[in-house]
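Undergrad: take a look and give me a structure for this.
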Amino acid sequence: MEELKYELYIGAKPEDVWRALVSPEGTKAIFFGCVLETTFEPGSPFAYVGPGNDGDRTVHVYGTVVDYEANKRMSYLEHPGPSYRDNHEALETRVALTLEPVGETVKLTLVNDLWPEGHPSYANTKQSWPMILSNVKTYAETGKTLDFGW
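TA: Predicted coordinates for the structure are as follows:
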């Protein structure tokens, strides 16, 4: 399966974009009510936890932090949450987020790769990333998120 790659430019400071990506208030806004639980240390676990199939503490995605440098880059190996796939432990992909200042804007690049053949979440993820990244841009620029009508 091919990698998913997205690049966008955000009219905000790197710190503001980063806050949207990692702070509890930011992730809750952009990831549909989920909070990112981790220490951000390479090798440490992470999980996006929020309302869902298993109540308020549903694990939507979990995995291991690979690389982290605040306001610049983060990568992790991820799995779909246990309530989404019976074989969730076998379904691992990698996500890498990079911020680069470009003039008075920030270029955000997201690459989601290492997809195993036949991964059942590929199509859904391909649709979800543009929505999440649009929320990142809107939130970092305005402090608000998009209303997707849900």
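
Undergrad: going forward, measure contacts and count neighbours with C-alpha atoms only.
TA: Noted.

Undergrad: for the residue lying farthest from the centre of the chain, give me phi and psi.
TA: The centre of the chain is farthest from one residue, residue 103, which by Cα atoms, centre = their mean lies 24.6 Å away. Dihedral angles of residue 103 (phi, psi; degrees, to the nearest 10) stand at phi 60, psi -130.

Undergrad: could you do residue 126 as well?
TA: Backbone torsions of residue 126, given as degrees, to the nearest 10, read phi -60, psi -30.

Undergrad: could you check how far the residue farthest from the centre of the chain is from residue 142?
TA: 19 Å (Cα to Cα, to the nearest Å).

Undergrad: residue 117 too?
TA: Applying Cα to Cα, the value for residue 117 to residue 142 is 39 Å.

Undergrad: cool, and residue 70?
TA: Per Cα to Cα, residue 70 is found 21 Å from residue 142.

Undergrad: then residue 126?
TA: Per Cα to Cα, residue 126 is found 25 Å from residue 142.

Undergrad: assign a three-state SS to residue 9, would you?
TA: strand (DSSP: H, G, I helix; E, B strand; the rest coil).

Undergrad: where do the helices sit along the chain?
TA: Using DSSP state H, the helices of the chain run over 14-22, 24-30, 122-142.

Undergrad: who does the closest residue to residue 97 other than its chain neighbours bridge with?
TA: Nearest residue to residue 97 in three dimensions, chain neighbours excluded: residue 110, at 4.6 Å (Cα to Cα, 6 or more residues apart in numbering). Taking DSSP bridges as the rule, residue 110 bridges to residue 6, residue 97.
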